[in-house]
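Colleague: compute the structure for the input listed below.
(one chain, ligands or ions: 2)
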Amino acid sequence: MQLKCVKGDSLRRVTQTKLYFAQMKSKAEFGFLQPPSSSTTKKRNRPKVRGRRLSYEGVSSLPDCVTYEPAFLPPSHSEQLMKELMEVIPFRQEEIKIFGKLVKEPRLCAWYGGAYKYSGRALKENPLDSVPQLASLRDRISRKLDLDLNSVLINLYRDGSDYIGWHSDDERELGPSKDDIVVASLSLGAARDFRLKRKDGAGNPISITLESGSLLIMRGETQKLWKHMVPKTKNVQQPRINLTFRFLHQVSTGSPTPKDGQTKRAIVRT
Ligand SMILES: O=C(O)CCC(=O)C(=O)O
Ligand SMILES: [Fe+2]
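Modeller: Numbers count the residues shown, from 1 in each chain. Ligands and ions are numbered 1, 2, ... in the order given. I've put the predicted structure just below:
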């Protein structure tokens, strides 16, 4: 049983999430997975951010290297996919070392692809084709981008208290050069805010709500010049799954030779 590997609080919350799905199964519609209508998304309740808040109308304000397609998947497909992935993906809550101390990541995740050093830990090879739903999404998004995506990192945010901190996806495996990394991010379930800020501090942070079924594509210099995150929020009780499809380059296992002459720092996401 997949849940055996998840312990304590994490087990309780995953079990609750699965129970939630089991209860919803008896209903004809997974209404909670619909993007909130503007009337239910009260502005005053949303987390404050110094910067622009984007909606469908505002996506033209995203940097050129980021595109957002709100309805990549129709709602019925997104709902079905969310249910299936909750059943078949063995999500785990990993531990990461921060300042020498082991702490639990504030979300669950699963990796499908080649061996990858992510956030200071080694993700083992795990064939993406072993999950037909993932293979089919990979093929569809690859065709769209005209690029053979070969891996996916899946995050499960159990509710609004799960999050991912500021980071960029700029590990060596994702691109020998940091200015041509492609990350295609598909969101399912609860709508969550996604923020972008420039590394050089220029301009205001940008915030966009990622709806269920949406596809956000970061490419070009996004990972070189920007950081991104999904903040905590008190307003979300439902789970969200995010799949970030990536193209993993084969990286030699020899000692790394940093391109820019600097020592490669360990990138740790919280
Ligand atoms: O959940 C998201 O939308 C972003 C996830 C992310 O940035 C990552 O996995 O690297
Ligand atoms: Fe990321």
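Colleague: from here on, contacts and neighbour counts on C-alpha atoms
Modeller: Will do.
Colleague: nearest to ligand 1 within this protein, name that residue for me.
Modeller: Asn242 (4.9 Å; Cα to the nearest ligand atom).
Colleague: tally of neighbours for Leu145?
Modeller: 13 (other Cα atoms under 10 Å).
Colleague: for it, grab phi and psi.
Modeller: phi -90, psi -10 (degrees, to the nearest 10).
Colleague: tell me the SS of the nearest residue to Lys224 once chain neighbours are set aside?
Modeller: Distances taken as Cα to Cα, 6 or more residues apart in numbering place Lys178 nearest to Lys224, at 5.5 Å, with adjacent residues excluded. Counting by DSSP: H, G, I helix; E, B strand; the rest coil, the backbone at Lys178 sits in coil.
Colleague: let me know the pLDDT of Lys178.
Modeller: Confidence at Lys178, expressed as pLDDT, is 79.
Colleague: what distance do you get for it to Ile208?
Modeller: 24 Å (Cα to Cα, to the nearest Å).
Colleague: list the contacts of the residue nearest to Lys224.
Modeller: Counting by Cα atoms under 8 Å, 6 or more residues apart in numbering, Lys178 touches 170, 221, 223-224.
Colleague: dump the residues you listed to TSV, plus secondary structure, distance to Pro132 and neighbour count.
Modeller: As requested, those are exported to TSV (DSSP: H, G, I helix; E, B strand; the rest coil; distance: Cα to Cα, whole Å; neighbours: other Cα atoms under 10 Å):
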residue	secondary structure	distance to Pro132	neighbour count
Asp170	coil	28	21
Glu221	coil	31	18
Gln223	helix	29	25
Lys224	helix	32	18
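Colleague: nearest residue to the middle of this structure?
Modeller: What sits nearest the mean C-alpha location of the chain, by Cα atoms, centre = their mean, is Asn242, with 4.1 Å.
Colleague: which SSE is the residue nearest to Asp129 when sequence neighbours are not counted in?
Modeller: Take Asp129 and drop its neighbours on the chain: the residue closest to it by Cα to Cα, 6+ apart is Ala135, 5.2 Å away. Using DSSP states H and E, Ala135 maps to helix 132-145.
Colleague: how far off helix 132-145 does the helix or strand following that helix point, in degrees?
Modeller: For helix 132-145, the following helix or strand on the C-terminal side (DSSP H and E) is strand 151-157. Interaxial angle, strand 151-157 versus helix 132-145 (axes from the mean of the first three to the mean of the last three Cα atoms, to 10 degrees): 120 degrees.
Colleague: ok, strand 151-157: who's next to it in the sheet?
Modeller: Sheet pairing for strand 151-157, assigned by DSSP bridges, gives strand 108-112 (antiparallel), strand 240-246 (antiparallel).
Colleague: how about these in CSV, adding mean pLDDT?
Modeller: CSV is the format used below for those (pLDDT from 0 to 100):
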stretch, mean pLDDT
strand 108-112, 96
strand 240-246, 97
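Colleague: deepest of those strands, which one?
Modeller: Comparing the strands paired with strand 151-157 by mean neighbour count (mean count of other Cα atoms under 10 Å), strand 240-246 comes out on top with a mean of 23.
Colleague: still on that earlier bit, wait, doesn't the residue nearest to Asp129 sit right on Pro127?
Modeller: No. Contact status for Ala135 versus Pro127: not in contact, 9.7 Å apart, counting by Cα atoms under 8 Å.
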